[in-house]
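# only the shape, not the letters, is given here:
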């Protein structure tokens, strides 16, 4: 009888430990959580889905994100950009669809914004410029500090803001 009780108690303790460790793992914060923003611009619904990393005291531009190199414009999986109708980005036509969204930041704050036909990919490791649908050039501006990378969509287009820069992209 005592042996059976001890066995049951040990089994219950093992199960309790297993579930408590599972619940702890689920509450651990994600370093670069997925986020998205969606809004209507020029008759089209635009959706940007991205991983939102934090600065965490790091040098971002020219450090974590090197200049003159293709960047996935977020963390982990490449950022995706969806438009439900044809739009004009910086005056150039972007057909309706879902795209991998990349950028090439430069030290003079000139950025090349890239819409690539391969939407689902991990980072920019297999980025292929021959799959680019549209490239435009924009100018990044100084901005208030943003600890987390964030996108916003407004009447005139969208912005990417992170650290002390904001990158406006015009949409019509």
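On my side now, so go ahead. Since we're looking at a predicted model, the values are computed, not measured. Residues are numbered from 1 along each chain as shown.
# only C-alpha atoms from now on, for both contacts and neighbour counts.
Will do.
# who touches residue 64 in this structure?
residue 58 (C-alpha atoms under 8 Å, 6 or more residues apart in numbering).
# again with residue 58
Taking C-alpha under 8 Å, 6+ apart as the test, what residue 58 contacts is residue 64.
# that one and residue 75: what is the separation?
Computed as C-alpha to C-alpha, to the nearest Å, the residue 58 to residue 75 distance reads 15 Å.
# any low-confidence regions in this protein?
Along the chain, segments meeting pLDDT under 70 span 1-28.
# next one: phi and psi at the residue nearest the centre of the chain?
Nearest residue to the geometric centre of the chain (C-alpha atoms, centre = their mean): residue 50, 2.3 Å. Per-residue torsions, residue 50: phi -150, psi 160 (degrees, to the nearest 10).
# before we move on, what about residue 130?
Main-chain dihedrals, residue 130, degrees, to the nearest 10: phi -70, psi -10.
# from the chain's centroid, how far away is the host helix or strand of residue 165?
Assigned by DSSP states H and E, residue 165 falls within strand 157-170. Relative to the chain's own centre, strand 157-170 is displaced by 13 Å; criterion: C-alpha atoms, centre = their mean, to the nearest Å.
# now do that strand: which elements does it pack against?
strand 132-139, strand 141-154 (3 or more C-alpha pairs under 8 Å, 6 or more residues apart in numbering; DSSP states H and E).
# any idea which of those strands gets closest to residue 164?
Nearest to residue 164, of all the helices and strands packed on strand 157-170, is strand 141-154, at 4.7 Å by C-alpha to C-alpha.
# against residue 146, how distant is residue 61?
Taken as C-alpha to C-alpha, the span from residue 61 to residue 146 is 13 Å.
# and the residue nearest to the centre of the chain, what does it touch?
Residue 50 makes contact with 34-36, 73-75, 77-80 under the criterion C-alpha under 8 Å, 6+ apart.
# so it bridges to which residues?
For residue 50, the beta-bridge partners under DSSP bridges are residue 35.
# what of residue 139?
residue 110.
# quick one: it and residue 107 touch, right?
No. Contact criterion C-alpha atoms under 8 Å: residue 139 and residue 107 do not qualify, at 10.9 Å.
# look at the two and report which has more neighbours.
Between residue 139 and residue 107, counted using other C-alpha atoms under 10 Å, the more crowded position is residue 139 (15 against 11).
# what separates residue 32 from residue 168, distance-wise?
Plainly put, residue 32 is 22 Å away from residue 168 if you go by C-alpha to C-alpha.
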